[in-house]
Structure formats: C-alpha cells, structure tokens
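Visitor: output the structure for:
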Amino acid sequence: MDKVNLADTFARFADHWSPKVVGELNGQHVRLVKFAGPFVWHKHDAEDELFLVVRGAFRMEFRDRAVELAAGEFLIVPRGVEHRPVAEDEVEVLLFEPATTLNTGNVRDERTVDRPERLTP
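Guide: From the prediction side, this is the model:
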C-alpha cells in the first residue's frame, strides 16, 4: 500500500504510446502513458477505457466527431467504439482499464504492447 506520485512516475520514462502499469485493483490496471502524435485507429470489443489527462492536452477522434481533452479532464470510451488519440504535443495520461486490454485493441502493429512494463513506487 504505497502511494504513487504521478509527476515522479511520469519522469521515470520518456517513450510514447507504451503504457506502464502503476497499480492494479479488481482486475483493472491503472496505467500511465505519454502520447505524442497520432495513434492507430482501433477498438476494444470487450473493454471500456478511461483516459484522464494529467498534463497537456489531446484530441480523441471518433469516426463521426472529435473530443478535446485538457489537464484535469477525462473521457470514457465504451467498448466497441473505434477511436484514435492524437496529441499535437506530448501529453501525460492515466488510463484505467481491464488488465486484459491491449493498447492497440483489434489492431496489431509496431506499437502493440503485449505485456506492459510495471513501475513500482
């Protein structure tokens, strides 16, 4: 039962689009990730995802609209909804999602992370 300092933990890594597990509860992961540029269009057939912006801003694109998110705001993407995060500048995001969630969902490419790295406090 150790606390997690978000700023300190984000400072421990620089890579983009590679989520890090920083907590686990009830089959869910708390993951930290840095975004920069556009990600791949994808969906998660069985999992909902929560995106909480810690620092910076990004745009969540859907096929029919886009939602702008800034620090202190979050968005839940329901399962089955195709989406693509796009960050003009680096952004730090906390994800809350089932532990089984693959970062690229139904797509496999060079950004797919099968086993996210675990960072401990």
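Visitor: for Lys3, what are its contacts?
Guide: By CB atoms under 8 Å, 6 or more residues apart in numbering, the residues touching Lys3 are Pro121. From N, CA and C alone the C-beta is placed, and that goes for glycine too.
Visitor: and it, how far from Leu94?
Guide: Applying CB to CB, to the nearest Å, the value for Lys3 to Leu94 is 14 Å.
Visitor: which of the three states applies to Val107?
Guide: Counting by DSSP: H, G, I helix; E, B strand; the rest coil, the backbone at Val107 sits in coil.
Visitor: measure Gly37 to Glu24 for me?
Guide: From Gly37 across to Glu24, the span is 29 Å (CB to CB).
Visitor: cool, and Ala7?
Guide: 21 Å.
Visitor: and Thr9, what does it touch?
Guide: Going by CB under 8 Å, 6+ apart, the list of residues near Thr9 reads Lys20, Val22, Leu32, Leu119, Pro121.
Visitor: after the helix or strand where it lies, which helix or strand is next?
Guide: Assessed by DSSP states H and E, Thr9 sits inside helix 6-10. The helix or strand immediately downstream of helix 6-10 is strand 20-25, counting by DSSP H and E.
Visitor: flag every buried residue along that next one.
Guide: For strand 20-25, burial by neighbour count (16 or more other CB atoms under 10 Å) applies to Lys20, Val21, Val22, Gly23.
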